[in-house]
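*Asks:* pasting the sequence and the predicted coordinates here, then a few questions.
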Amino acid sequence: MDEIDAIAINMLINAPLMSEKEMKYATNRLKIMAKKKILNKRAKRFLNNKNRLGGFHLTNEINNILDYWADEAYIISMKL
């Protein structure tokens, strides 16, 4: 788990206390963070392997990362 993951999970743990406006902002912010995470991972893979970056089908990857963050936030909140 890297720094982006920790920030996103913390944001989701605090989500029940947010207003609707704050929730929309948080959702957009989480999508931007997920996209940055994907692009950083692809750039590192490109530099290491000298391969193409691959197709830019970000929607599925963004949704997978958001699901991962939501699952981790749920697990942590149930432990509290």
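*Replies:* Ah, there it is.
*Asks:* list the buried residues of the helix or strand where residue 61 lies.
*Replies:* Applying DSSP states H and E as the criterion places residue 61 in helix 58-79. The neighbour-count check on helix 58-79 (16 or more other CB atoms under 10 Å) flags 61, 62, 65, 66, 69, 72, 73 as buried. For every residue, glycine as well, the C-beta is placed using N, CA and C.
*Asks:* how far away is the closest residue to the last one other than its chain neighbours from residue 68?
*Replies:* Translated: residue 73. The shortest distance from residue 73 to any non-neighbouring residue, by CB to CB, 6 or more residues apart in numbering, is to residue 12 (3.6 Å). Counting by CB to CB, to the nearest Å, the gap between residue 12 and residue 68 amounts to 11 Å.
*Asks:* likewise for residue 28?
*Replies:* Counting by CB to CB - residue 28 and residue 68 are separated by 18 Å.
*Asks:* what residues are up against residue 22?
*Replies:* If a contact means CB atoms under 8 Å, 6 or more residues apart in numbering, then residue 22 has no contacts.
*Asks:* model confidence for it, exactly?
*Replies:* At residue 22, the pLDDT value in this model is 94.
*Asks:* report the buried residues of the helix or strand hosting it.
*Replies:* Under DSSP H and E, the secondary-structure element containing residue 22 is helix 20-49. Buried residues in helix 20-49, counted by 16+ other CB under 10 Å: 26, 30, 31, 33, 34, 37, 38, 42.
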